[in-house]
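A.B. asks: Give me a model of this one.
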Amino acid sequence: MKKSDKIYVAGHSGMVGSSIVRRLENDGYRNIIRRTSKELDLRNQSEVTDFFQFEKPDYVFLAAAMVGGIQANNTYRAEFLFDNLMIQNNVIHNAYKVGVTKLLFLGSSCIYPKMASQPLKEEYLLTGLLEPTNEPYAIAKIAGIKLCDAYRSQYDCNFISAMPTNLYGPNDNYDLQKSHVLPALIRKFVEAKSHSENEVEIWGSGNPRREFMHVEDLAEACMFLMANYDQPGFVNVGTGVDVTIKELALKIKELVGFEGELTFNTSKPDGTPRKLMDVSKIEAMGWSHNIPLDQGLQRTILEYSASVNT
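C.D. replies: The predicted structure follows:
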C-alpha cells in the first residue's frame, strides 16, 4: 500500500477496526474511508453498491461483523448468521465490482470443529462438527473465507483471509450479556472490588482453555499480511499460548486487587473445551505477537477502570 492509496476500513468504530485505523494513521496513511453503521448499513445491498461506486477504494480491511460471547451467539442465532452473511457478501462482491486492489477478510477461531486436534491448524477447517452455541457465526465466517477464495479463483481478485484468536484491548465490549469472557471478567472484578463484594461468579467450570491476543497485535498482523500474503486459504493469527478460564480469572483478580473468592456457575455452558491456534504458518512468514498476556491485561484493566471513573 502506498501512503496515498484510498483505504476503506469496514467496521472502523469496533475494537478491531479502530485498532487498524490507529495503526494506519501511525504509519502515515491519511486517505482512510470510514462510515458508521448509521451512515452505511453494510447489510443493505444497494447502499453498499452505491458507496463502493462512489468511493472506489484501493484497499479494504473487512473488520465489520456482528459479534458477541456465548450467550449472545446462542440467543440471536438468526441475526448472527444473516447479518454477517449480508455484510461480508455485500462488501466482498462490491470490492470485486469496483476493482479493489486487495481485500483482507477477518474471521474467527470459532470456524474450527469443536473437537479438532490442538493446536488448530488451518487444514482442520471443515473436518468435523462445529460448537453448537456459536455455529451460526462460524458458518458465516467459513462462508466468507470460501467467498474470498471463489472470487480469487474465478475473477483473479487478491482477496485474503485471516482468522484471529480471542481478542481484547481498547474499544472492547463490556456488556455482560453480550461480551466475550475476558472483558466480562475485567468488569466483574473491577465492580466487585469497588463495591467491596465477597465473591465473583465465573460462568462455566473454569476448565476450558483459551488463547488471548491484544488487538494491537492483530492490527500489526493485518498490515503484515496486506504487504506479504497473496495466497488462497486463510492464515491463523494468534499467540500460540493458552490458559484456562480459571487461570485467566486469577490473573485478572490479582491485577485488579480483588481479595474475595471465585465461584463457578456450572449451569452456564463451557463452549469448546480448548481453542489454541497453530501460528506456525504466519510465524514462518516472519510475524509473531509482541504483547504478553500479563502486560496486555494490565493495560486493559487500567483503560477500563479509567473509563468507568470518568
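
A.B. asks: tell me which residues in stretch 38-52 are buried?
C.D. replies: L40, D41, L42, R43, V48, F51, F52 (16 or more other C-beta atoms under 10 Å). C-betas here are computed from N, CA, C, even on glycine.

A.B. asks: now swap in stretch 121-137 and tell me
C.D. replies: Applying 16+ other C-beta under 10 Å to stretch 121-137 flags K121, E122, Y124, L125, L130, E131, T133, N134, E135, P136, Y137 as buried.

A.B. asks: Pull out the buried positions in the lowest-mean-pLDDT helix or strand in the chain.
C.D. replies: Sorting the helices and strands of the chain by mean pLDDT, DSSP states H and E puts helix 70-75 at the bottom, at a mean of 74. Residues of helix 70-75 classed as buried: I70, Q71, A72, N73, N74 (neighbour count, 16+ other C-beta under 10 Å).

A.B. asks: Show me how far it is from its chain's centre.
C.D. replies: Taking C-alpha atoms, centre = their mean, to the nearest Å, one finds the center of helix 70-75 at 16 Å from the center of the full chain.

A.B. asks: for the stretch 1-150 of the chain, what spans make up the helices?
C.D. replies: Secondary structure of the stretch 1-150 of the chain by DSSP state H, counting those that start in this stretch: the helices cover 15-26, 45-55, 70-75, 77-97, 135-155.

A.B. asks: Can I get the fourth one in PDB? Just the C-alpha atoms.
C.D. replies: This means helix 77-97. Extracted C-alpha coordinates of helix 77-97, given in PDB (Å, rounded to 0.1, in the frame of the first residue of the first chain):
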ATOM      1  CA  ARG A  77     -28.700 -17.200  16.100                       C
ATOM      2  CA  ALA A  78     -30.700 -15.900  13.100                       C
ATOM      3  CA  GLU A  79     -29.100 -12.400  13.300                       C
ATOM      4  CA  PHE A  80     -25.600 -13.700  13.700                       C
ATOM      5  CA  LEU A  81     -26.000 -15.800  10.600                       C
ATOM      6  CA  PHE A  82     -28.000 -13.400   8.400                       C
ATOM      7  CA  ASP A  83     -26.300 -10.100   9.400                       C
ATOM      8  CA  ASN A  84     -22.800 -11.500   9.000                       C
ATOM      9  CA  LEU A  85     -23.500 -13.200   5.700                       C
ATOM     10  CA  MET A  86     -25.000 -10.000   4.300                       C
ATOM     11  CA  ILE A  87     -22.200  -7.700   5.500                       C
ATOM     12  CA  GLN A  88     -19.400  -9.800   4.000                       C
ATOM     13  CA  ASN A  89     -21.300 -10.700   0.800                       C
ATOM     14  CA  ASN A  90     -22.000  -7.100   0.000                       C
ATOM     15  CA  VAL A  91     -18.500  -5.800   0.800                       C
ATOM     16  CA  ILE A  92     -16.600  -8.600  -1.000                       C
ATOM     17  CA  HIS A  93     -18.800  -8.600  -4.100                       C
ATOM     18  CA  ASN A  94     -18.600  -4.800  -4.500                       C
ATOM     19  CA  ALA A  95     -14.900  -4.800  -3.900                       C
ATOM     20  CA  TYR A  96     -14.700  -7.100  -6.900                       C
ATOM     21  CA  LYS A  97     -17.100  -4.900  -8.900                       C
END
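
A.B. asks: What is the neighbour count of the residue nearest to L24 when sequence neighbours are not counted?
C.D. replies: Computed as C-beta to C-beta, 6 or more residues apart in numbering, the closest residue to L24 that is not its neighbour in sequence is I32, at 5.8 Å. Using other C-beta atoms under 10 Å, I32 has 18 other residues around it.

A.B. asks: Going forward, the N-terminal residue is numbered 196.
C.D. replies: Okay, using 196 as the starting number, the last item reads as I227.

A.B. asks: Let me see the contact set for I227.
C.D. replies: Neighbouring residues of I227 by C-beta atoms under 8 Å, 6 or more residues apart in numbering: I202, Y203, V204, H207, V216, L219, E220.

A.B. asks: Scan the residues you listed and report the most crowded one.
C.D. replies: Highest neighbour count within the contacts of I227: V204, with 26 neighbours (other C-beta under 10 Å).

A.B. asks: possible to save the buried residues of stretch 233-247 as a markdown table with pLDDT and distance to K383?
C.D. replies: Converted to a markdown table, those look like this (pLDDT from 0 to 100; distance: C-beta to C-beta, whole Å):
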| residue | pLDDT | distance to K383 |
| --- | --- | --- |
| L235 | 97 | 35 |
| D236 | 97 | 33 |
| L237 | 97 | 32 |
| R238 | 97 | 32 |
| V243 | 98 | 38 |
| F246 | 98 | 39 |
| F247 | 98 | 42 |
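
A.B. asks: which pair in those spans the largest distance?
C.D. replies: Spanning the widest gap among those are R238 and F247, at 14.7 Å by C-beta to C-beta.
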